[in-house]
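Chemist: predicted model, plus sequence, below.
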Amino acid sequence: MIGSVLVANRGEIALRIVRTCAELGIRSIVAHSVADRDSPAVRLADEAVCIGPAPASRSYLDAAALIQAAIQCGAEAVHPGYGFLAEDADFALACREHGLVFVGPPPEVMATLGDKAAAREAAAGAGLPVLPGGVVRGGQREARALADAVGYPVLLKPVAGGGGRGMGLVRDPEEFAEIYRETRATARALFGDDGICVERFLPRARHVEVQVLADGRGGVIHLGERDCSVQRRRQKLVEESPAPGLPPQLVADMASAAVTAAKELGYVGAGTFEFLVDQDSGEFFFIEVNCRLQVEHPVTEMVAGVDLVREQLLLAGGAPLSLRQEEVALRGAAVECRINAEDPDRGFAPAPGVLRVFEPPGGPFVRVDAYGAPGVRVPPEYDPLIGKIICWGPDRDQALDRMDRALRELRVAGDGIVTGTGHLRHVINHPLFRKAEHTTALLDEISQEFP
């Protein structure tokens, strides 16, 4: 059992980890930047250590500072949360070399799955269906030839990227050169690797992911699936579990494929296998594996009754899985809406500032994971996510009705702060979404309807 953990993250996920550590009797140490010194996670942790100034490159992305902080504070393990260094294989390896337990899969597994070329090859070798395409490192001519062979539209993705960042959609050959240059430049700037993955783009697709837990002893289970199809510029806004409107056999096949692949790949800990479901053909295709806790993990926790952070910490400490697949009982439906400090009237530009009012919703089966509170600053240096509202119901309609009520009840205001709760309500009440006839193109299709 791990006795102490350095939380190498910020915001709502740092607070989430601190709370589970308290329940397990684990000493929590929050590593924070100067900008986050007064955050709720810092106040609730057993200990806090400042690792640098506000820019992430000098704090949350500074692997050496984080490891030094962990050693200095006597931490046994490091929990990376999501984002920042959560999927950095070099950081995981450095933790191991300094005698620290990294709460996540082994660095060798992360290195394979963090590179889209290696991940495609590994997934195909494990029996997962992959989208037609491939990885190009030789330049524009080679990439264009591959795109022509795959057939348009195609999606260009940074090989080392994640979270939907830096992707470019090419609808016809005339667009290719410009979008390729933009994607490659973004990949180099964000990830230090200008390799590009060229894949067939599915115009009518659902984004579905399977949550797995693996103990490193051959035990792997899944906790059902999540639908994350409501996206803006490939960034998720609304997530739910289970995925509505899909054939049960298709869902079962995806879950089985994810479990089998996790075993083949030697996965350990909590992970998410992401797929695209072609609404026209009924086929599913592997996209990637997220070697970390997902932002949307609470919807799985609500339907499965499992604390995923608790499982992560226990598995990292060497414990076997706490339940067998036949013991997993998925009940009801859960939906999550992300509350971001963004201004919809300015193209969802970040709208940071100081919170003056933060009144979260309440009531039965309403969960709020947030670091917001009056007086808390939402800094411009980081992701604009303030928190998440998660609602459960015995069926999807009741969960969505509860979410609509919760969004109406939410009060957020402050100096410069703007959120798009009106847009979220419009989405979850839209007929296409209510009937589960939506795809990843939903927001583009209904953009003119927003208030």
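Modeler: Perfect, thanks for sending it. Residues are numbered from 1 along each chain as shown.

Chemist: going forward, measure contacts and count neighbours with C-alpha atoms only.
Modeler: Will do.

Chemist: where exactly do the strands run in the stretch 251-400 of the chain?
Modeler: Along the stretch 251-400 of the chain, counting by DSSP state E, counting those that start in this stretch, strands occupy 268-278, 284-290, 333-340, 342-343, 349-350, 353-359, 366-370, 377-378, 385-393.

Chemist: now render these as TSV, adding mean pLDDT and distance to L202.
Modeler: Listed next are the strands of the stretch 251-400 of the chain as TSV, based on pLDDT from 0 to 100; distance: least, C-alpha to C-alpha, whole Å:
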stretch	mean pLDDT	distance to L202
strand 268-278	97	7
strand 284-290	94	10
strand 333-340	98	25
strand 342-343	92	28
strand 349-350	92	27
strand 353-359	96	38
strand 366-370	98	33
strand 377-378	93	36
strand 385-393	97	28
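
Chemist: list the beta-bridge partners for the closest residue to V238 other than its chain neighbours.
Modeler: Closest residue to V238 apart from its sequence neighbours, by C-alpha to C-alpha, 6 or more residues apart in numbering: C337 at 4.8 Å. As for beta bridges, C337 partners with V238, I389 under DSSP bridges.

Chemist: now C50: how far from K435?
Modeler: To K435, C50 is 48 Å away according to C-alpha to C-alpha, to the nearest Å.

Chemist: those two: who's more crowded?
Modeler: C50 (18 against 12; other C-alpha atoms under 10 Å).

Chemist: so where's the stretch 151-300 of the chain uncertain?
Modeler: 162-163 (pLDDT under 70).

Chemist: so can I have CSV of the strands of the stretch 251-400 of the chain showing distance to E87 and mean neighbour count?
Modeler: Conversion of the strands of the stretch 251-400 of the chain to CSV gives the following (distance: least, C-alpha to C-alpha, whole Å; neighbours: other C-alpha atoms under 10 Å):
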stretch, distance to E87, mean neighbour count
strand 268-278, 11, 24
strand 284-290, 8, 22
strand 333-340, 22, 26
strand 342-343, 26, 19
strand 349-350, 25, 18
strand 353-359, 29, 17
strand 366-370, 22, 19
strand 377-378, 24, 24
strand 385-393, 19, 24
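
Chemist: now those in CSV, with distance to R188?
Modeler: As requested, the strands of the stretch 251-400 of the chain are exported to CSV (distance: least, C-alpha to C-alpha, whole Å):
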stretch, distance to R188
strand 268-278, 24
strand 284-290, 20
strand 333-340, 27
strand 342-343, 26
strand 349-350, 23
strand 353-359, 30
strand 366-370, 32
strand 377-378, 28
strand 385-393, 25
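
Chemist: which of these sits closest to S241?
Modeler: The minimum distance between S241 and those falls on strand 333-340, with 5.4 Å, by C-alpha to C-alpha.

Chemist: strands of the stretch 1-150 of the chain, start to end?
Modeler: Using DSSP E, counting those that start in this stretch, strands in the stretch 1-150 of the chain cover 4-7, 27-33, 47-52, 77-79, 101-102, 133-136.

Chemist: pull out the buried residues from the longest helix along the chain.
Modeler: The helix spanning the most residues in the chain, taking DSSP state H as the definition, is helix 248-265. By neighbour count with 16 or more other C-alpha atoms under 10 Å, helix 248-265 contains the buried residues V251, M254, A255, A257, A258, V259, T260, A261, A262, K263, L265.

Chemist: hmm, back to that, among the strands of the stretch 251-400 of the chain, which is nearest P158?
Modeler: Of these, nearest to P158 by C-alpha to C-alpha is strand 284-290, at 12.4 Å.

Chemist: angle of the closest one against strand 268-278?
Modeler: 150 degrees (axes from the mean of the first three to the mean of the last three C-alpha atoms, to 10 degrees).

Chemist: contacts for the biggest strand by length in the chain, please.
Modeler: Counting residues, the longest strand found in the chain (DSSP state E) is strand 220-232. Strand 220-232 is contacted from outside by 206-214, 236-244, 251, 255, 258-259, 262-263, 299-300, 304, 321, 324-325, 328, 330, 438-443, using C-alpha atoms under 8 Å, 6 or more residues apart in numbering.

Chemist: surely A56 meets Y382?
Modeler: Yes: A56 is within contact range of Y382, at 7.5 Å (criterion: C-alpha atoms under 8 Å).

Chemist: how close does A370 get to A86?
Modeler: A370 is 19 Å from A86, by C-alpha to C-alpha.

Chemist: show me what V230 bridges to in the sheet.
Modeler: V238.

Chemist: what's the most distant pair in the buried residues of helix 248-265?
Modeler: V251 and L265, at 21.1 Å, using C-alpha to C-alpha across the buried residues of helix 248-265.

Chemist: can you redo the strands of the stretch 1-150 of the chain as TSV with distance to C291 and mean pLDDT?
Modeler: As requested, those are exported to TSV (distance: least, C-alpha to C-alpha, whole Å; pLDDT from 0 to 100):
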stretch	distance to C291	mean pLDDT
strand 4-7	17	98
strand 27-33	21	98
strand 47-52	24	98
strand 77-79	12	98
strand 101-102	12	98
strand 133-136	20	89
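
Chemist: now distance to R232 too, for those strands, in CSV please.
Modeler: Putting these into CSV (distance: least, C-alpha to C-alpha, whole Å) gives the following:
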stretch, distance to R232
strand 4-7, 29
strand 27-33, 29
strand 47-52, 32
strand 77-79, 28
strand 101-102, 32
strand 133-136, 24
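
Chemist: these: which one's closest to D397?
Modeler: Using C-alpha to C-alpha, the nearest of those to D397 is strand 77-79, at 35.5 Å.

Chemist: buried set for that closest one?
Modeler: A77, V78, H79.

Chemist: tell me the one among those nearest to R405.
Modeler: Distances from R405 to the buried residues of strand 77-79, taken as C-alpha to C-alpha, are shortest for H79 (34.1 Å).

Chemist: the closest one contacts V103, doesn't it?
Modeler: Yes: H79 is within contact range of V103, at 5.0 Å (criterion: C-alpha under 8 Å).

Chemist: just grab the bridge partners of A48 for me.
Modeler: With DSSP bridges as the rule, A48 is bridged to V30.

Chemist: out of the strands of the stretch 1-150 of the chain, nearest to E174?
Modeler: strand 133-136 (19.0 Å).
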